[in-house]
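Asker: Based on what follows, work out the 3D shape:
(2 chains)
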Amino acid sequence: MIILDILSAVLLLAGAAICLLGGIGMVTFPDVMTRLHAASKPQSAGFLLLLLGAAVQLDWWALSLLTLAGMFQLLTSPVVSQVIGRVAYRTGEFRADLLARDETSPDRSP
Amino acid sequence: MQLVYACTFTMLAVAGLLVTVRLLRGPAVPDRILAIDVLSVLLAGGIAVDSARRGFPEALTLVLVVALLGFVSTVLAARFAGARGMEEAEEARQ
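Answerer: Below you'll find the model as predicted:
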C-alpha cells in the first residue's frame, strides 16, 4: 500500500503544482490569448493528474465517475478556449502586437 | 499522506487566489469569463481530492456536476458577452 500512497502523492502534487503554475500564468501573462494558454494547463493536465491521484486512493466505482469527469473535461476545455478566443478576437480585446500571425484579419487577406 | 493532502490543498488555494486576482482585475470581459472557468475547474479538482482524503467516493458526483455547470455557464456567458461586444464594436465603427 505504501507504493500506491507514493504514486498517489506524486500525482496529486504534480497536478496541484500545474494548477498553481496556471494560476501564476493567469496573473502574469499580458493579454487574453496568452492567458488562454495559461488557463488550459489546469483545465486539462492539472485536473487529470488530480483525478488520477484521487483514483489511486479510491475503488473501481469511483474510477468510473472519475473517468467520466476526465473525458468530459478533455472534450469541453478546447470548446471553452475556442469560444473565449473568438469573443476576444471579435470584440478586439487582445493585443495585436503580440500576435505572430493573424490570418483572419480583413486587411491582411489577399 | 495528510501532509500531501495539505500541500495539495494549499497549492490549489493559492492558484484559486491568483485566478481570483485576475477575475477582479481582468481588463476585458473574456478575461473574467476565463477566470471563472478556471475557478470551476479548480473547485472540481479540489472536491475530487477531498473525496479521496475522506474515502467518500459519493462526493465524486459533485465533480461531474461542477464540471458540467462550469462548461455550460462559461459558454453561455461567452456567447452573451460576444453578442453584446459585437454590437458595441459595430456602433463604434459607425
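
Asker: For the chain, just list every one of the helices.
Answerer: Chain wasn't specified; assuming chain A. A:2-28, A:32-40, A:47-57, A:60-90 (DSSP state H).

Asker: nope, chain B
Answerer: Going by DSSP H, chain B shows helices at B:2-25, B:29-54, B:60-93.

Asker: So for the nearest residue to B:Phe71 once chain neighbours are set aside, what's the pLDDT?
Answerer: Spatial nearest neighbour of B:Phe71, excluding adjacent residues (Cβ to Cβ, 6 or more residues apart in numbering or on different chains): A:Thr76 at 4.3 Å. Quick note: C-beta positions are derived from backbone N, CA and C, even for glycine. pLDDT for A:Thr76: 94.

Asker: Run a quick neighbour tally on A:Thr76.
Answerer: A:Thr76 has 20 neighbours, counted by other Cβ atoms under 10 Å in any protein chain shown.

Asker: That one touches B:Ser73, doesn't it?
Answerer: No - counting by Cβ atoms under 8 Å, A:Thr76 does not reach B:Ser73; the two are 11.6 Å apart.

Asker: residues in contact with the residue sitting nearest the centre point of chain A?
Answerer: Among the residues of chain A, the one closest to the centroid is A:Ser40, at 2.3 Å (Cα atoms, centre = their mean). By Cβ atoms under 8 Å, 6 or more residues apart in numbering or on different chains, the contact set of A:Ser40 is A:22, A:77, A:81.

Asker: Need those in CSV (columns: distance to A:Asp102 and neighbour count).
Answerer: Formatted as CSV, the contacts of A:Ser40 follow (distance: Cβ to Cβ, whole Å; neighbours: other Cβ atoms under 10 Å in any protein chain shown):
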residue, distance to A:Asp102, neighbour count
A:Gly22, 26, 26
A:Ser77, 24, 21
A:Ser81, 17, 19
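
Asker: I'd like those residues written out as CSV, with distance to chain B added.
Answerer: Shown next, in CSV, are those (distance: Cβ to the nearest Cβ, whole Å):
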residue, distance to chain B
A:Gly22, 7
A:Ser77, 8
A:Ser81, 9
